[in-house]
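>>> Here is a sequence with its predicted model. Questions after.
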Amino acid sequence: MMGLGSGRAIFLATGVTDLRRGVSGLYALILAQLAQGEATVNQLAEPFHLKLPTISKHLKVLQTAGLVTQGRKAQWRPCKLETAPLKAVATWVDQYRRIWDERFEQLDDYLSELQQKEKKRGHKR
């Protein structure tokens with residue numbers, strides 16, 4: 001199992017140092033659009049009604065994070081989603097999901113035990 005430091009390394013390697021900012025908003029929408037297939041900068045900007053410099057700035061962040069690459073096909077430079085970093089993060093999160101599921105089950109058991117004790121006390125009064 002990876003330690004907490006390994007998870008931090010994954011986030012740093014993918015450029016997602018602030019998880020809320022890294023996977024929300026326009027970045028997430030761009031990634032979702034690229035999950036459907038390659039797209040040019042113009043195609044990515046169109047649904048958001050953004051100017052090309054704005055979408056290019058966001059793409060640069062995603063490229064730096066290793067989540068998007070930009071190829072060259074004649075005069076086009078299609079962008080492509082790179083899934084390996086996302087798979088690494090998903091694997092890391094999944095390990096902790098199992099731990100938290102176990103802890104929540106233990107908490108549920110404990111709360112049920114407390115409720116049973118409280119019911120027994122209530123019947124004695």
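That came in fine, so what should we check first?

>>> could you pull out the helices for the chain?
Assigned by DSSP state H, the chain shows helices spanning 4-14, 19-22, 25-35, 41-45, 52-64, 84-124.

>>> quick one, which of the ones you listed is nearest to Trp76?
In terms of CB to CB, the element of the helices of the chain nearest to Trp76 is helix 41-45, at 9.3 Å. Any C-beta I mention is one placed from the backbone N, CA and C, and that applies to glycine too.

>>> from the helices of the chain, which stretch is densest packed?
Scoring the helices of the chain by mean neighbour count under mean count of other CB atoms under 10 Å gives helix 41-45 as the most buried, with a mean of 17.

>>> ok, residues contacting that one?
Helix 41-45 is contacted by residues Ile30, Gln33, Leu34, Lys51, Leu52, Thr54, Ile55, Ser56, Leu59, Arg77, Cys79 when judged by CB atoms under 8 Å, 6 or more residues apart in numbering.

>>> which two from those end up farthest apart in space?
Between any two of the contacts of helix 41-45, the greatest separation by CB to CB is 19.2 Å, found for Leu34 and Lys51.

>>> picking up where we left off before, redo the helices of the chain as TSV? Include mean pLDDT and distance to Lys73.
Shown next, in TSV, are the helices of the chain (pLDDT from 0 to 100; distance: least, CB to CB, whole Å):
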stretch	mean pLDDT	distance to Lys73
helix 4-14	45	26
helix 19-22	47	29
helix 25-35	89	15
helix 41-45	93	13
helix 52-64	92	16
helix 84-124	89	22
